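Novice: Pasting a predicted model and its sequence here:
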Amino acid sequence: MLNGKTIVVTGAGSGIGRTTSEVLAKAGAAVVVADIDEVGGAATATGIKAAGGEAVFRRCDVANEDDVEALIGFAVERYGKLDGGFNNAGIELYNKPVHELSGAEFRRVIDVDLVGVFYCVKHEFRAMMKTGGGSIVNTASSVSDRPLPVSTDYTSAKAGVVGLTKAAALDGGPLGIRVNAVCPGLILTPMTKDRLMNDPVFSQAVQGIRARHHIGRFGETIDIANAVSWLLSDLSSFVTGSEMMVDGGYSI
Ligand code: NAD
């Protein structure tokens, strides 16, 4: 499905980004595995290569525009072009009500989860414009449609990702660049299993969140990976500006 394509994945050292990188490589793509975490990122690339796929790790802090520009330049230099970008790196909420959240905390989540996506989209556009187009997928969240309490930082960032996606899709249309967002429900990853579910505030809400996943379970990383690989492939050639809910019915 993705033979011959070069795709950059951010946040690829863990969770959704790692599984998606593996699925993209299995489908034939050369994957540029990007993460701020050098150990996790390198492990993702090593695993893909051990399974017979093509991948290379590159450290990148998505909140730093120079890093992002260098990442995209590296991908083009190594593989000759850029066909896809999965802008997925993100950090979680601070689990504080709006009146307790500091400006620095709010700005940190916006910097990584929203401004980081902007930097990626901007530099992916510049690379894709040179070869006639491509497909970009940004990771938003089902909370962008249905917020949780104590999540003004994260919800603001993810709602921003949806707005950015739609506006960028308008800019991308004439350039042959499609831009879509994927909105995961609660997916079992290190972010949720190891961190959020152990947080005293978040853990109290887990049963209620679970009940809103009408399919009757939380998501697995493969649920997101399969949707993203379709959006990055030519099978979705008429899909742009969409927010694809992959959330077990959470947002119904
Ligand atoms: P995760 O913590 O397992 O993985 C996130 C990865 O992003 C990590 O490898 C981390 O090192 C990397 N990262 C963090 N800050 C970075 C930065 N500044 N630059 C580059 N890399 C950075 O989390 P996950 O659950 O796989 O989350 C992936 C994405 O999905 C995030 O954007 C998250 O907000 C979103 N999301 C997750 C869920 C869920 O339930 N897990 C639900 C909705 C949306």
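Specialist: In hand now; what should we look at? Residues are numbered from 1 along each chain as shown.
Novice: quick one: the strands in the chain?
Specialist: Counting by DSSP state E, the chain forms strands over residues 6-10, 30-35, 54-59, 84-87, 134-139, 177-184, 243-246, given from the N-terminal end onward.
Novice: Next, work out how far apart Lys166 and Arg18 are.
Specialist: Counting by CB to CB, to the nearest Å, the gap from Lys166 to Arg18 is 27 Å. The way it works is simple: take the backbone N, C-alpha and C, and place the C-beta from them, glycine included.
Novice: wait, Ile136
Specialist: 19 Å.
Novice: residues in the stretch 151-252 of the chain within reach of the ligand, list them.
Specialist: By the criterion of CB under 6 Å from any ligand atom, the positions of the stretch 151-252 of the chain lying close to the ligand are 184, 186-187, 189-192.
Novice: are any of those buried, and which?
Specialist: When neighbours are counted using 16 or more other CB atoms under 10 Å, these contain these buried positions: 184, 186-187, 189, 191-192.
Novice: which of those residues lies closest to Gly90?
Specialist: Taking CB to CB as the measure, Gly90 sits nearest to Met191 out of these, at 8.0 Å.
Novice: who's in contact with the nearest residue to that closest one once chain neighbours are set aside?
Specialist: The shortest distance from Met191 to any non-neighbouring residue, by CB to CB, 6 or more residues apart in numbering, is to Glu92 (5.4 Å). Contacts here follow CB atoms under 8 Å, 6 or more residues apart in numbering; on that basis Glu92 touches 154, 191, 195-196.
Novice: Just those residues: which are in helices?
Specialist: Using DSSP state H, the members of the contacts of Glu92 that fall in helices are Tyr154.
Novice: Drop anything exposed from the contacts of Glu92.
Specialist: Among these, those that count as buried by neighbour count (16+ other CB under 10 Å) are 154, 191, 196.
Novice: wouldn't the second one be in contact with Gly15 here?
Specialist: Put plainly, it is Met191. Yes: under the criterion of CB atoms under 8 Å, Met191 makes contact with Gly15 at 6.0 Å.
Novice: check contacts around the closest residue to Gly15 other than its chain neighbours.
Specialist: Beyond its immediate neighbours in the sequence, the residue positioned closest to Gly15 (CB to CB, 6+ apart) is Thr189, lying 3.2 Å away. Under the criterion of CB under 8 Å, 6+ apart, the neighbours of Thr189 are 14-16, 221.
Novice: Could you single out the nearest of the buried ones among the contacts of Glu92 to the ligand?
Specialist: Within the buried ones among the contacts of Glu92, proximity to the ligand (CB to the nearest ligand atom) peaks at Met191, which comes in at 3.4 Å.
Novice: what's the pLDDT at that closest one?
Specialist: The score at Met191 is 96. That number is its pLDDT.
Novice: and what of Asp145?
Specialist: For Asp145, the model assigns a pLDDT of 89.
Novice: Contact partners for the residue lying closest to it once chain neighbours are set aside?
Specialist: Across the structure, with CB to CB, 6+ apart as the measure, the residue nearest Asp145 apart from its sequence neighbours is Ser251 (4.5 Å). Contacts for Ser251 were tallied using CB under 8 Å, 6+ apart; they are 142, 145-146, 183, 185, 245.
Novice: closest to Gly85 among the residues you listed?
Specialist: The shortest distance between Gly85 and any of the contacts of Ser251, using CB to CB, involves Cys183 and amounts to 17.2 Å.
Novice: can you tell me how far the closest one sits from Ser14?
Specialist: In this view, Cys183 and Ser14 are 19 Å apart by CB to CB.
Novice: more neighbours, the two?
Specialist: Regarding Cys183 and Ser14, a neighbour count based on other CB atoms under 10 Å identifies Cys183 as having more, with 26 against 20.
Novice: Met244 is in contact with that one, correct?
Specialist: Yes: under the criterion of CB under 8 Å, Cys183 lies in contact with Met244, with a separation of 6.5 Å.
Novice: how far away is the residue nearest to Arg178 when sequence neighbours are not counted from Asn180?
Specialist: The spatial neighbour of Arg178 that comes closest, neighbours along the chain excluded (CB to CB, 6+ apart), is Thr240 at 4.0 Å. Computed as CB to CB, the Thr240 to Asn180 distance reads 6 Å.
Novice: Please consider this matter closed, and thank you.
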